[in-house]
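1. Structure, please.
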Amino acid sequence: MIDLLLEYEYAIDNATVAASVGVSESQVDALLPLNPMAMEDGRMAIGTQIWFEPQRTLERVSETFQIDLDTSGTVQLRDLTAHFPIRNSDTAAMDKPVSVAIKDATLYLTGTDHALLVPAAPQEEPYAIHIAQPLGRVKYHEDKTDDLSPGYAVHPIAEGNVIAMPLQSASSTRWLAFLSVDIESRTASWSAFPGMVAPSGGGSILKRLFGVRPEPLKTPSGDDLLQLAVEDFPHRRGFYTYRPHINQALLRAGRVYIYTKGSSDSPKYGYPCSGIAEISPDGQVKSLPFMQDYTSTGDEKKYGIEGRFTASGRYCILTSVYKTTDPWKGQQKLFDLDSAELIDLKLPRGFSKYRLIDHAGDHFWAELWPVAQGGTQRFARFGIR
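-> Numbering: from 1, shown residues only. Below you'll find the predicted structure:
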């Protein structure tokens, strides 16, 4: 059991946004936090979409901001909208960038061809990261091909300067690639998982993955990228031909872990399984530290658990999806990758409606959930009692 102690509570409402942006409170229509990113020093950055009515810019339906929650309980907004390209209607979905904390900064990806790095200091201007070779197209069904983009619901984690990124095509997140970022040269490169495993006796695999010197990398195609092996997961009994989704991914100390809900990603029908797997370069499972198999329940009820790796890389936050089949009666659990154990959480009095969203350093983070439409967004930072 981890007993949490409140350190700070942060409130973000329309008045906070209006005062920061310089508009009237009535003009703030909606705010959607997309990806909270916990920092080891106790800060949190939240990539956020904000809608204004009337729109501030006719070409943009929503605008991109970063909300910074600092170590003293202060909320600050940074307007990043001008740094992102205006996409046409065919790529409008990618107007919502995927973000990841990298060292003390944050990196935003729109598709696989554009990246923006936002320094920690508010007075420092964001700048573009040049991706030399955007990923190639993938074949996803018979003769159909499509572009790859970061998975719409991923919570990416950086190990040093390397990010394991689940990728989607045609709404199916089944590919995994690695983005290596060189902050000094302001460049980045995509790589497929090479055909090698961590050396015996320990040691970092990162140098072996990406080399110690900058060398030209060929553009990975869809055929190069890692996908999971169907036969390694319990859902094969009912969906043998469908590869499992890679819902989340984690590179940790030279090992690659994924979280998967099986071959379905639709809350309408439930999920075949929920599991954490350590995988090898060919997509085979090396171990299954955690697995819930729902294919053998024998009933028509919907089952499923959402999983999210924390910024620290130590935990996976597990949250039940369906109240009627919730095995933990509405309580979240942590899976500790160090001990391979499920851990209970105890939130402070008055925070029962909060759900855990991240961990880094000595701090856990949670958000009030659900939030009423137009209501105040609330976040809390906890220490361990």
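
2. What ranges in the stretch 101-250 of the chain fall below the confidence cut-off?
-> Within the stretch 101-250 of the chain, the segments meeting pLDDT under 70 span 171, 193-222, 234-241.

3. Show me the helices in it, by range?
-> In the stretch 101-250 of the chain, the helices defined using DSSP state H, counting those that start in this stretch lie at 206-210, 236-239.

4. For the residue lying closest to Arg137 once chain neighbours are set aside, which residues count as its bridge partners?
-> Of all residues not flanking Arg137 in the chain, Thr145 sits nearest, at 4.6 Å (C-beta to C-beta, 6 or more residues apart in numbering). Backbone N, C-alpha and C define where each C-beta goes, glycine included. Using DSSP bridges, the bridge partners assigned to Thr145 are Lys139.

5. can you map out the strands along the stretch 101-250 of the chain?
-> 105-110, 114-118, 127-131, 138-141, 144-146, 149-150, 158-159, 162-169, 172-182, 187-191, 248-252 (DSSP state E, counting those that start in this stretch).

6. Columns mean neighbour count on top of those, output as TSV?
-> What follows is those, written out as TSV (neighbours: other C-beta atoms under 10 Å):
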stretch	mean neighbour count
strand 105-110	23
strand 114-118	21
strand 127-131	15
strand 138-141	16
strand 144-146	13
strand 149-150	23
strand 158-159	20
strand 162-169	24
strand 172-182	22
strand 187-191	20
strand 248-252	23
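
7. Please verify my assumption that Asn35 contacts Ala101.
-> No: at 9.3 Å, Asn35 does not count as touching Ala101 under the criterion of C-beta atoms under 8 Å.

8. Give me the more crowded residue out of the two.
-> Ala101 (25 against 22; other C-beta atoms under 10 Å).

9. wait, what's in contact with the more buried one?
-> Shown in contact with Ala101 (C-beta atoms under 8 Å, 6 or more residues apart in numbering): 37-39, 45, 107, 158, 311, 360.

10. Look up phi and psi at Asn14.
-> phi -60, psi -30 (degrees, to the nearest 10).

11. which one is it nearest to, not counting chain neighbours?
-> Val28 (4.1 Å).

12. With Glu159 instead?
-> Nearest one to Glu159, counting by C-beta to C-beta, 6+ apart, is Leu251 at 4.3 Å.

13. For that neighbour, give its distance to Asp41.
-> Here Leu251 is placed at a distance of 21 Å from Asp41 (C-beta to C-beta, to the nearest Å).

14. go on, Asp147?
-> 36 Å.

15. Show me what counts as buried in the helix or strand harbouring Ala277.
-> Element membership for Ala277 (DSSP states H and E) is strand 273-279. Residues of strand 273-279 classed as buried by neighbour count (16 or more other C-beta atoms under 10 Å): 273-279.

16. same deal with stretch 43-60?
-> 43-52, 56, 60.

17. same question, stretch 335-351
-> Quick answer for stretch 335-351 (16+ other C-beta under 10 Å): 335, 337, 345, 347, 351.

18. of all those residues, which comes closest to Ser263?
-> Phe335 (21.5 Å; C-beta to C-beta).

19. residues in contact with the residue positioned nearest the centre of the chain?
-> The chain has His155 as the residue nearest its centroid, 0.7 Å off, counting by C-alpha atoms, centre = their mean. Residues in contact with His155 (C-beta under 8 Å, 6+ apart) are 35, 248, 308-309, 358.

20. So which other helices or strands are in contact with the strand holding Ala277?
-> strand 255-260, strand 285-293, strand 305-309 (3 or more C-beta pairs under 8 Å, 6 or more residues apart in numbering; DSSP states H and E).

21. winner for burial among the ones you listed?
-> Among those, strand 255-260 has the highest mean neighbour count (mean count of other C-beta atoms under 10 Å), at a mean of 24.

22. May I have that one as PDB, with CA atoms only?
-> Taking Å, rounded to 0.1, in the frame of the first residue of the first chain, the C-alpha atoms of strand 255-260 are listed here in PDB:
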ATOM      1  CA  ARG A 255      14.200  -3.400 -22.100                       C
ATOM      2  CA  VAL A 256      11.100  -2.700 -24.100                       C
ATOM      3  CA  TYR A 257       7.700  -3.100 -22.500                       C
ATOM      4  CA  ILE A 258       4.300  -2.600 -24.000                       C
ATOM      5  CA  TYR A 259       0.800  -2.400 -22.600                       C
ATOM      6  CA  THR A 260      -1.900  -4.000 -24.700                       C
END
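
23. Show residues contacting stretch 361-378.
-> Contacts for stretch 361-378 (C-beta under 8 Å, 6+ apart): 2, 4, 7, 9-14, 30-31, 33, 36, 38-42, 44, 312, 347, 351, 353-359, 379-384.

24. distance between the ends of it?
-> By C-alpha to C-alpha, to the nearest Å, the extent of stretch 361-378 from end to end equals 21 Å.

25. How about stretch 148-159?
-> 22 Å.

26. Check stretch 250-260 too.
-> 12 Å.

27. Name the residues that touch it?
-> Counting by C-beta under 8 Å, 6+ apart, residues outside stretch 250-260 touching it are 157, 159, 162-164, 166, 176, 178, 193, 198, 203-206, 228, 233, 244-249, 273-279, 307-309, 313, 316, 337.
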